[in-house]
Each structure stands twice: as structure tokens, then as C-alpha cells.
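Enquirer: need coordinates for the below:
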Amino acid sequence: MEFLDRLRAITPDVLTGNDAAPYGRDWIGKYLSTPLAVARPATTDEVSRIMALAHETGTPVVPLAGNTGLTGAGLAEGALIVSLERMNAIREVRADARIAIVEAGVILQQLHEHLEGSGLKYPMTFGAKGSARIGGTLGTNAGGSNVLRYGNTRDLVLGIEVVLADGRVLDLMSELHKDNSGYDLRDLMIGSEGTLGIITAAVLKLVPDPRAYATAMVTVPSLDGALKLLNTLQLHTGGMVEAFEYMPANYMARLKAYRPDLTPPLGYDAEHTVFLEVGSTVPRDCATDADGTVPLVAQLEETLGEMFEEGLVTDAALAGSEAQRRLMWEMREAAAEISTNTKPLVINDLCLPVDRVAAFLDEAITRLRALDADVTDCTVAHLGDGNVHYTVYPSRDDTELADAVMETVEDIVQEMGGSFSAEHGIGVSKLASMRRRKDPAALDTMRAIKAALDPKGILNPGKVLP
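Expert: Here you go, the predicted model:
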């Protein structure tokens, strides 16, 4: 009670008991905990004072943004949750510098909407954009569907503000594109999942908003053919492919079962479907011709036609309106919803060399059926960067079987030179994977950094480091 009284003296917005309960549940209901309390500070100064109090008292602290994670990084049994939801100001947008200065509690879609009509955009996007907050995307180094053109979160950030474990504020709010003055503490904090500090604000890079899009769903005879399509499109467009998303038959079957309102223009039965989008800011690509044709769309149609003649494309449907474009995006962004609504499940977020994805998928289901003859799977992939979201559904709820599934997938990924974690982070769900797969010297180095920045181990304890 003394701790809570002191906490309320810093910020009156403190939740306990039933009011705090919703914060102890992740969005898929897998990770449940009972937090000590939930503090909702409104300023960096309040976060700083909260952390100073927690450091003094040895109280564990779990930072929480939109609570849309899939790895249990927000698990907070007996810990103080620091929710950044009230720190949601878009402080400044500077068009000439192409930057936005935002607080960590800003919802990703809120930023997108704020920039509409400005000619600029923040290109990070994924299915949970309507609830995910900037702080969470920084904490996990989120990827999303536009990584192919714009990169991961680290590539989109110039500066950050971080509150350290003892309450000190680390001001890294640089607006510079070049600053080679020592260790890159910014990139160290991004992706650390709240274990090294609480990110409270950021300077984000903005990019020109394409004036025209060419969007399509395409069926291909093989994944090898899909890569040839991607490389051809990149060559023909000068690298303007924004999204190149793979949705095989097992994904389309779940789309049909759980989102029948989203009808694919090419049907559900193709073995290999690719959703792709090209965006351009070049006037000659974007100006509508006298007959109503957008040159960018005509160029994509011509390229797909050539590849159809070569046998690398079997069918294609181009979006003829913004409504059709948004419908295609919604089919892809329904992935989390349709892949996590069956239990039991084992979620794998992995990355492979782009030319090994097909081999991985073939090998994975073969080995998994040797473990469990009735296992099923669902795949969706950011094919352009090799990031595969591979969800496995064992035939029974058995912890040992789930562990064996995870380890079998890891074995194949390691054999093919990949990573068991691409964009979701580690949290608690991949601690065993870290123990099995991460280089021991790397783990020792990470532990040394953690001990130096958080000697009492109060920041998001039990996460990331086994």
C-alpha cells in the first residue's frame, strides 16, 4: 500500500484489481497474469519518476503499448504495468525534413490518418495497425507488409527518448541522418522489448505518399515462379514494389472458412496466390490517360501478361478501384485473425533466405507429420524479405508435442540458414528457442548489457533472455 500511495503521488491514473485485469490478458488469451497495478503516466517526467520509485523499491515493471503482441512480452504477474496509452500526442510533423515527432502511445493508424492529404506517409503497416502503438512497434522492431521497400522499424527511426531502469532519461531524439558519435544506443533500444528501457517518444522518417498504386492478386505455378515475378517487377519498376505477400492454399482455405465476406477475385483453390502492390510518385506513372488508364497499372498489366506467356503466372486480377484495392489488403491483413482462432496452435515467426521458403514449407510439413500424423498448418509470408508466419495446429493439446513442433521447425530453419524470430520478438514464448539456438557468446553479451543498464533486473523481467 505504501508503494501504491507513492505511485499515486506521481500519477493519479493508477488502476488496481478488476480495473487492472484487462491489462493482464494478451489479445489471443494465451498469456494471463495478475499485475500489481497499472500506471498510466501522461508525461516522460512521470515515467521517469515511476521508474525511480520502482528502482528504489525493486519493483518489477512491464511496459505496455497496444498489447497486440504474440509472444507474451506483456506478461506481468505481480509486476507494475506502465501503460503508455495516455502519451499519445503527435507533437510535430515537419514536411520539409520528412519527419514526425510522436509519443510512444500514438496508435499506428492514428499517425496514418494524421498524415492523410499531406503528401507524406509513415510506411509501417500491418494487420493490427488499428490498435498497435508506436512504442510497441519500436520495442519489437516491427516489420509488416512494406518492409520490402521501406525496411523494418529500425530503418524508419532517426531518434528516440528512453527512460532507463533507474529513472534517468536518455535523450536520443536526434533528427540527423548521420551521427557516428559512439555506440548506436538507439538501435540497441529498438527491439529490446522493454528490457533495457521504456521508449517514450520517437523521431520517425516519413516518405512521399505514392500518387498511384497498381495492386493485384496473382496465381503462380510455384514459389520459384513467384520469386521470378518479384525480381521482374523490381527490374521493370525500378524497385517500386511495396508489398509482395504469399497466401497459399492452406491460408485461402481458412480465409474462406472464417472470413467468407472477403471473396478473393481468383477464388480459393489456387495452390499459390500472391498479393502484390507497386507504388509510384513519378508523374508520368500516375497521370491518368485520356482513356482513363493509369500508366502504372498498365505497366503492371503488361508485365503480368508477359509472364503469363512465359508460364510464370497462371491468372491475375488487378484492382480497378480503391475499394477493390482495400479489399485485397483486408484479405492479407486478416492473417492474425484467421490463423489464431484454432486451438491448440504453435506460432512460428521466422525468416529464411528468400529462395529457401519453398523448400522449408515442403520439409516442415513432412517432418511434422512424422511427429503428429494429423497435424495441419497455415502459412502467410512477406515473400519479398523471406519472413514466413507459419502456424501449426497439433492434433492434441500436449505441451511436449508443442515443444517438439517448435524444435522441429527450428531445426529446419537453422539447417537452411534462417532465424527463428523475424518480427514478433522473443517475449516468453521463444525463450527456449533462444537457449537452444542463439550463439552463447551473443547471449553472454546481451546479459552483460542487461546487467549494466538494469542491474536490479526490474525491467520486463523474464523476457528475451533465457
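Enquirer: stretch 275-288: which residues count as buried?
Expert: For stretch 275-288, the buried set under the neighbour-count rule, 16 or more other C-beta atoms under 10 Å, comprises Phe275, Leu276, Glu277, Val278, Gly279, Ser280, Asp285, Cys286. Every residue, glycine included, has its C-beta placed from N, CA and C.
Enquirer: quick one, domains of this structure?
Expert: Following automatic domain parsing, the chain resolves into domains at 2-83, 90-208, 212-335, 342-430.
Enquirer: let me have these in JSON lines, extended by distance to Lys438 and mean pLDDT.
Expert: Compiled in JSON lines, the domains of the chain are given as follows (distance: least, C-beta to C-beta, whole Å; pLDDT from 0 to 100):
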{"stretch": "domain 2-83", "distance to Lys438": "15", "mean pLDDT": "96"}
{"stretch": "domain 90-208", "distance to Lys438": "14", "mean pLDDT": "97"}
{"stretch": "domain 212-335", "distance to Lys438": "27", "mean pLDDT": "94"}
{"stretch": "domain 342-430", "distance to Lys438": "9", "mean pLDDT": "96"}
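Enquirer: out of the ones you listed, which is closest to Ile449?
Expert: Closest approach to Ile449 among the domains of the chain is made by domain 90-208 (7.0 Å; C-beta to C-beta).
Enquirer: from start to finish, how long is that closest one in a straight line?
Expert: Domain 90-208 has an end-to-end distance of 19 Å (C-alpha to C-alpha, to the nearest Å).
Enquirer: with stretch 14-25 instead?
Expert: The first and final residues of stretch 14-25 sit 18 Å from each other (C-alpha to C-alpha).
Enquirer: how far does it sit from its chain's centre?
Expert: 25 Å (C-alpha atoms, centre = their mean, to the nearest Å).
Enquirer: in helices, which of the buried residues of stretch 275-288 fall?
Expert: Members of the buried residues of stretch 275-288 lying in helices (criterion: DSSP state H): Asp285, Cys286.
Enquirer: take the buried residues of stretch 275-288 and lay them out in CSV including distance to Ala442.
Expert: Shown next, in CSV, are the buried residues of stretch 275-288 (distance: C-beta to C-beta, whole Å):
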residue, distance to Ala442
Phe275, 35
Leu276, 35
Glu277, 36
Val278, 38
Gly279, 37
Ser280, 41
Asp285, 44
Cys286, 46
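Enquirer: coming back round to it: now render the domains of the chain as a markdown table, adding distance to Ile449.
Expert: Output for the domains of the chain, formatted as a markdown table (distance: least, C-beta to C-beta, whole Å):
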| stretch | distance to Ile449 |
| --- | --- |
| domain 2-83 | 17 |
| domain 90-208 | 7 |
| domain 212-335 | 33 |
| domain 342-430 | 15 |
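Enquirer: looking at those domains, which is nearest to Lys450?
Expert: domain 90-208 (6.3 Å).
Enquirer: how far is the closest one from where the chain is centred?
Expert: 13 Å.
Enquirer: residue nearest the middle of the protein, spatially speaking?
Expert: Ala142 (3.7 Å; C-alpha atoms, centre = their mean).
Enquirer: which residue, other than its chain neighbours, is closest to it?
Expert: Leaving aside its sequence neighbours, Ala142 sits nearest to Thr153 (C-beta to C-beta, 6 or more residues apart in numbering; 5.0 Å).
Enquirer: so Leu75 sits right up against Ser429, yeah?
Expert: No - at 9.7 Å, Leu75 and Ser429 do not qualify as touching, with contact defined as C-beta atoms under 8 Å.
Enquirer: give me the number of residues near the nearest residue to Ala104 once chain neighbours are set aside?
Expert: Counting by C-beta to C-beta, 6+ apart, Gly135 is the residue found nearest to Ala104 once chain neighbours are left out, at 3.1 Å. Residues near Gly135, counting by other C-beta atoms under 10 Å, number 29.
Enquirer: what's the one helix or strand Gly135 maps to packed up against?
Expert: Applying DSSP states H and E as the criterion places Gly135 in helix 134-140. The contact analysis (3 or more C-beta pairs under 8 Å, 6 or more residues apart in numbering; DSSP states H and E) places helix 134-140 against helix 108-115, strand 198-205.
Enquirer: what do you get if the cut-off is 7 Å, keeping everything else the same?
Expert: strand 198-205 (3 or more C-beta pairs under 7 Å, 6 or more residues apart in numbering; DSSP states H and E).
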